[in-house]
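[1] A structural model of the following input is requested.
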Amino acid sequence: MSISLDKLKALRKQAGLATAAPVEPAAPMAFVGAASAAKPAMGDPAALPVAPDASVSSPASDTAVASRLTPLPQKPKTESSVFGWVDQIQHKPAAPQDGAALRRLLATRNRAIAPAQPVERGPVDRDLPGTEIAPGLHLIEAFIPQAIPTQALSLAFSKRPEESVAPQDLLFFDTETTGLAGGTGTRAFMIGAADWHHDAARGEGLRVRQLLMSTMGAESAMLELFASWLAPTTVLSSYNGRCYDAPLLKTRYRLARRGDPISALDHVDLLFPTRRRYRGTWENCRLATIERQLLLIAREDDLPGSEAPAAWLSYLRGGSARNLRRVGEHNHQDVVTLAQLFLRLVQAEADERAELALEAER
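    Numbering: from 1, shown residues only. Model prediction:
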């Protein structure tokens, strides 16, 4: 509580000190054991009112009264531009930083940065094989001279003993795609096909044709041209193509709003008869293993099929065409291998049936 000067005089008069001199306000004080301290004004911090001691019952001088008062502890002050005097915030000193770490930091900041040297690069290899027959679509053709089988090829190895196919009706095909997940987001950027063909200038042989997209917009032209290679009598042959390549192409035809030319055709998948005959003979029945163990074909500088998507996407982004050409070589060998494997399976089945017939005669 605070008290005015007139009231203090009236109190002193009642105590017999009416003639005492006026008393100036003292420094900020508080009663010892008082419940609360006096609140300073917003102006001068020294101009604090004095609270009377209720326990004083005899006359006393200003000095005696001041001696019974205890000064309030003062906090360091700082001035705010808006609210006047406010308590100063005391911050704990920061922990000393490791000297070695500080030296490393200073060395890093003061290190001169060497100017970047320009990377000298030659022209990017962008050459693709074949002929560009449509914008972004390349046709790659090859011809391997060999005799065309003269008789119909039995499909007994594929659990179809009563059926056979004319050699020139077979179309061996394989695709290179942007991934193995399937679905609408996966597309074939290369289609390879091989068939036995009689050429007027080169004679009999295995004709290999490959379609390669170098732009996304060439897919429609590629699908149209591949469909022109198919006839109602065509029999497709692949290695796991019934489960992967054919469904993928069917999806791409539907998305391109074109008729599906594949579903109506017969399809002989060589993976399943190969597994039945050679399971357990070698470590697996992958096409590369069958080539090496059964057909004695050794590939050189072959790019694995798993790296084909990266090679094509790199080319689309302006990269080199070297790995994309290797994809084409891999695809070429795949369809050539399919033709040889088909003949080997037909011959193995015929030999087995001949042996069983001899044993039955004995």
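[2] Tell me the helices and strands packed up against the helix or strand where Lys250 lies.
    Taking DSSP states H and E as the criterion, the element that holds Lys250 is helix 245-255. Packing partners of helix 245-255 (3 or more CB pairs under 8 Å, 6 or more residues apart in numbering; DSSP states H and E): strand 170-177, strand 188-199, helix 219-228, strand 235-238. C-beta here means a position set from N, CA and C on the backbone, and glycine is covered the same way.
[3] make it 6 Å
    Here helix 245-255 touches no other helix or strand, going by 3 or more CB pairs under 6 Å, 6 or more residues apart in numbering; DSSP states H and E.
[4] after it comes which helix or strand?
    Following helix 245-255 in sequence order, the next helix or strand is strand 266-269 (DSSP H and E).
[5] hmm, who's touching stretch 131-140?
    Taking CB atoms under 6 Å, 6 or more residues apart in numbering as the criterion, the residues outside stretch 131-140 that touch it are Leu128, Pro129, Gly130, Gln210, Leu212, Ser214, Thr215, Gly217, Ala218, Ala221, Met222.
[6] Try it again at 7 Å.
    Outside stretch 131-140, the residues that touch it by CB atoms under 7 Å, 6 or more residues apart in numbering are 128-130, 209-215, 217-218, 221-222, 328.
[7] Farthest-apart pair in these, please.
    Arg209 and Gly217 (21.1 Å; CB to CB).
[8] who's more crowded, those two?
    The neighbour count for Arg209 versus Gly217, taken as other CB atoms under 10 Å, is higher for Arg209 (23 against 12).
[9] The more buried one in helix, strand or coil?
    What DSSP: H, G, I helix; E, B strand; the rest coil gives for Arg209 is strand.
[10] Contact partners for it?
    With contacts defined as CB under 7 Å, 6+ apart, Arg209 is in contact with Leu139, Glu141, Ala193.
[11] Tell me how far it lies from Ala142.
    Plainly put, Arg209 is 8 Å away from Ala142 if you go by CB to CB, to the nearest Å.
[12] just the helices in the stretch 251-362 of the chain please.
    Ranges of helices in the stretch 251-362 of the chain, per DSSP state H, counting those that start in this stretch, are 271-278, 287-290, 308-316, 322-361.
[13] possible to save those helices as CSV with distance to Arg12, mean neighbour count and mean pLDDT?
    Below are those laid out as CSV (distance: least, CB to CB, whole Å; neighbours: other CB atoms under 10 Å; pLDDT from 0 to 100):
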stretch, distance to Arg12, mean neighbour count, mean pLDDT
helix 271-278, 119, 17, 95
helix 287-290, 117, 18, 92
helix 308-316, 101, 19, 94
helix 322-361, 108, 17, 94
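[14] and of the ones you listed, who's closest to Leu249?
    For Leu249, the closest of the helices of the stretch 251-362 of the chain is helix 322-361, at 14.5 Å, according to CB to CB.
[15] Could you spell out which stretches of the protein belong to which domain?
    Domain segmentation of the chain under automatic domain parsing yields 5-84, 131-361.
[16] Least reliable of these by average pLDDT, please.
    Note on the domains of the chain: domain 5-84 shows the lowest mean pLDDT, a mean of 50.
[17] quick revisit: contacts for the helix holding Lys250 next, please.
    173-175, 177, 182, 184, 186-188, 219, 223, 238, 260, 262-263, 267.
[18] Flag every buried residue along that helix.
    Asp245, Ala246, Leu248, Leu249, Thr251, Arg252, Tyr253 (16 or more other CB atoms under 10 Å).
[19] out of those, who's nearest Gln151?
    Closest approach to Gln151 among the buried residues of helix 245-255 (CB to CB): Ala246, at 27.3 Å.
[20] With Ala10 as the reference, measure out to that closest one.
    From Ala246 to Ala10 the distance is 115 Å (CB to CB).
[21] and what of Pro145?
    Counting by CB to CB, the gap from Pro145 to Ala10 is 136 Å.
[22] related to what we said a few turns ago, from the contacts of Arg209, list just the buried residues.
    When those are checked for burial by 16+ other CB under 10 Å, the buried set is Leu139, Ala193.
[23] Make a markdown table out of the contacts of Arg209 and add distance to Ser154.
    Shown next, in a markdown table, are these (distance: CB to CB, whole Å):
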| residue | distance to Ser154 |
| --- | --- |
| Leu139 | 33 |
| Glu141 | 30 |
| Ala193 | 23 |
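[24] Among the contacts of stretch 131-140, which one has the most neighbours?
    Within those, most neighbours by other CB under 10 Å means Leu212, with 27 neighbours.
[25] would you say that one is within a strand?
    Yes. According to three-state DSSP, the state of Leu212 is that of a strand.
[26] And it, how far from Glu329?
    The value you get for Leu212 to Glu329, if CB to CB is used, is 12 Å.
[27] Please apply the same query to Ala227.
    Separation of Ala227 from Glu329 (CB to CB) stands at 25 Å.
[28] repeat for Val346
    Going from Val346 to Glu329 by CB to CB gives 27 Å.
[29] now do Ser238
    Distance from Ser238 to Glu329, by CB to CB: 19 Å.
[30] Same question for Ala339.
    Computed as CB to CB, the Ala339 to Glu329 distance reads 17 Å.
[31] what sits against His293?
    I think there's a mix-up here, since residue 293 is Gln and not His. By CB under 7 Å, 6+ apart, the residues touching Gln293 are Trp282.
[32] what does the one 4 residues further on give?
    With CB under 7 Å, 6+ apart as the criterion, the residues that contact Ile297 are Glu291, Thr337.
[33] ok, now with 8 Å
    By CB atoms under 8 Å, 6 or more residues apart in numbering, the residues touching Ile297 are Glu291, Gln333, Thr337, Gln340.
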